[in-house]
Each structure stands twice: as C-alpha cells, then as structure tokens.
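Trainee: Generate a structure from the sequence data that follows.
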Amino acid sequence: MITKLISSKAVVAKVIADLNLQEKDMRMSDITTWIGEAALKIGSVNQLVHKVSGIDGVPVIQLIGHQAQLPCDLYRLNQVAYGFTQNGPWLPMRKATGAFDVWGTPNDSVTPEVIVPDQVMLDTIKAMYNVNTNEEALVILNDTSNVNLRVILSNLINKHTTVSVDGRQGSKETNFSYNLQYSIKPGYIMTNVPTGYLKLSYHANPTDEDGYPLIPNMPSYFEACYWYVVMKLKYPDWLNGTLTSEKYYHMQRSWNFYCKQAYGDSLAPNYDEMESIKNTWLKIYPEVNDHSTFYSTTGERQHIYNKD
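Mentor: Alright, predicted model coming up:
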C-alpha cells in the first residue's frame, strides 16, 4: 500500500553523486524522462494519483455538441458519470459497445431534459393522453407548446434523459440502446447526449512543482528508478565496448529485481483493504449491479436473511 509520494529529485542526486557526473554530463531532461519510464514499467496503478472531477480543483467537464476535452494529465480513465447540471445528480454511463459509436456534431446543442425514452416513459404518455402508439406518444413528448411535460415525467419516473425525434439516441439504423454511453477518441470523450456535464474518475501521473515525477516513498521504488537511470546512462558505453557485459548485466539484473519488488510492495493490501477483498470473495450470490452505485458498495459484507 502506498501512503506517501516523494520527488524523484533524490534519485537524480544519487545518480549524479554515485557516477560522479560533471555538469556537461548531466542529461537532466533524459534522466527525468527515464525516471518516468521506470515508474510506468513498474506498472502499479497505486503509484498514480486518483482524481475526481469536482474535488481538489479538478473541474467538472461540460459537454458541448456530444463531446468534451479530456484532462491533459489523464493516464487511465476509471468511470464516467453524467449530470444535467454541474452539481448533479449523477448517473453512471457505460463504454459504448456498438460498431457505430460516434454521435452528433460539435454544432449540436440540443438541451437534454429527460433521460432514456424507454417503454416506461412512452407507456406513461400513452396512459396520460389516451393514445395507442409510440409514434403518437413521441409527438406529444416533443410538442414544444407543452414545456412542462418533460419535467412532470421526470418527477413521475424519477429519471432524466435525452429524447430524439425518432425515439432513439444516435442513428436510428445503427444504435438501438437507450443507455447513457460514451466513447473515447484521442484527447476527447464522445457521448450519446448532446449537452450536460461529466464527472470523471481517473488516474494521473503525479509530478512536483518543478515537473519531476513523484514516486512512492519506498526503498524498492527508489532503487528501481535509480538502477534504471544508471542502466540507460551506461548503455552507450556498453555498446561501444568501454563497459564490460558483466557490469552492464549487473545493472540490468538490479533493475529487474527492484522493479518486481516495487510492484509487489505497492499492491500489498493493508488490513482494511483485505477486509473489502474478503467481503467481495465470500459473497454467497453475485451482485451484478455494482456499476449503478459506482462500485461504492462492492466491498460491503453481504447480509442474507430467511423469510421465515
């Protein structure tokens, strides 16, 4: 378990001291990059910083025309929630699975007022207005003269979603799902709702105020980053024959050893994490709706009672 991050400047200082580097040999940009490479190659998600939109200065993202720009420090996206306002309430989205999972255009600015025009909503309209077909219900739903209808329906059904002119979201020939969905293209998130707000849970690579990577405060991480940088610095010497293979392979073995140790150290759970793991594994029957609660109840103990 990782509880503290430190600046990698200490690794840089040790490399300079141990190798007796002169000012002309201090490849600071390369060394900083190599430390970041070492951390990524260790590969533990726990070494990353967990960020959530709306907390600690991370902004909630506004959707405009079915898309929004992703945070520049995003490394791994965990989950996405959708809201009509910047303050929620928040509804879970799912990653699109369709072959045609791109929606709308950047100029599409329709404001969503109700969520999911599923059969429940259509049946409600048919019962209220005594009509028989879904088409008639959709005409009533999209009647601009009755601006309060969607508000009334949202209160009745306790849901909110987007309604398109044909009763489906996206292209009526290719997307037949009413779920809130998103897809990713480089730098952007695309959704099947045109406007609104997104709350992201994601992991980012941490850096200090000078741009140096932050690494876990663990001896194994420190040594792994140190040996990776030394190995990279001495690689040209090994190629041109001024460094023996025995010495270079020693650097490689040291890096490999501490890399694996750092990975294991970072993932070792504490007692509280083991309690959540135990509760999850010992559930008598699977709980398949954890996504709807943003996995907040996954680690809770399962209580089952007999009706008798």
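
Trainee: how close does the residue nearest to Leu122 when sequence neighbours are not counted sit to Asn130?
Mentor: In space, and not counting its chain neighbours, Leu122 is closest to Ala137: 4.6 Å by CB to CB, 6 or more residues apart in numbering. Just so you know, the C-beta spots here come from the backbone N, C-alpha and C atoms, and that holds for glycine as well. For Ala137, the distance to Asn130 equals 11 Å [CB to CB, to the nearest Å].

Trainee: Neighbour count for those two, which is higher?
Mentor: Taking neighbours as other CB atoms under 10 Å, Ala137 and Asn130 compare with Ala137 leading, 23 against 7.

Trainee: So for Met1, what pLDDT did the model give?
Mentor: As predicted, Met1 sits at a pLDDT of 74.

Trainee: and it, what does it touch?
Mentor: Asn46, Ser266, Ala268, Pro269, Asn270, Glu273 (CB atoms under 8 Å, 6 or more residues apart in numbering).

Trainee: 7 Å instead?
Mentor: Ala268, Pro269, Asn270, Glu273 (CB atoms under 7 Å, 6 or more residues apart in numbering).

Trainee: Now the first one. Its backbone dihedrals?
Mentor: So that's Ala268. When read as degrees, to the nearest 10, the backbone of Ala268 gives phi -60, psi 120.

Trainee: before we move on, what about Ile6?
Mentor: phi -130, psi 160.

Trainee: That one and Asn217: what is the separation?
Mentor: 5 Å.

Trainee: likewise Ser276?
Mentor: 24 Å.

Trainee: Show me where the stretch 51-200 of the chain has its helices.
Mentor: Secondary structure of the stretch 51-200 of the chain by DSSP state H, counting those that start in this stretch: the helices cover 119-129, 134-141, 149-157.

Trainee: could you give the angle of the longest one to helix 134-141?
Mentor: Just to be clear, that refers to helix 119-129. Orientation check (axes from the mean of the first three to the mean of the last three CA atoms, to 10 degrees): helix 119-129 against helix 134-141 gives 70 degrees.

Trainee: tell me the mean pLDDT over helix 119-129?
Mentor: On average, helix 119-129 scores 76.

Trainee: Show me what it packs onto, helices and strands only.
Mentor: Applying 3 or more CB pairs under 7 Å, 6 or more residues apart in numbering; DSSP states H and E, one finds that helix 119-129 makes contact with helix 134-141, helix 149-157.

Trainee: which of those helices has the lowest average pLDDT?
Mentor: helix 149-157 has the lowest average pLDDT among those, namely a mean of 61.

Trainee: domains of the chain?
Mentor: Using automatic domain parsing, the domain parsing of the chain gives 5-48+207-267, 52-116+159-204.

Trainee: Rebuild those as CSV, extending it with mean pLDDT.
Mentor: Below are the domains of the chain laid out as CSV (pLDDT from 0 to 100):
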stretch, mean pLDDT
domain 5-48+207-267, 92
domain 52-116+159-204, 78
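
Trainee: Could you pull up the residues touching the residue nearest to Leu122?
Mentor: Leu122, Ile125, Lys126, Val131.

Trainee: Considering those, which possesses the most neighbours?
Mentor: Ranked by the number of neighbours (other CB under 10 Å), the contacts of Ala137 place Leu122 first, at 21 neighbours.

Trainee: Could you list the buried residues of stretch 48-64?
Mentor: Buried residues in stretch 48-64, counted by 16 or more other CB atoms under 10 Å: Leu48, Lys51, Ser53, Gly54, Val58, Val60, Ile61, Leu63.

Trainee: same thing with stretch 179-191?
Mentor: Under the neighbour-count criterion of 16+ other CB under 10 Å, stretch 179-191 has Asn179, Leu180, Gln181, Tyr182, Ser183, Ile189, Met190, Thr191 buried.

Trainee: any idea which of the residues you listed is closest to Pro236?
Mentor: Nearest to Pro236, judged by CB to CB, of the buried residues of stretch 179-191 is Ile189 at 41.8 Å.
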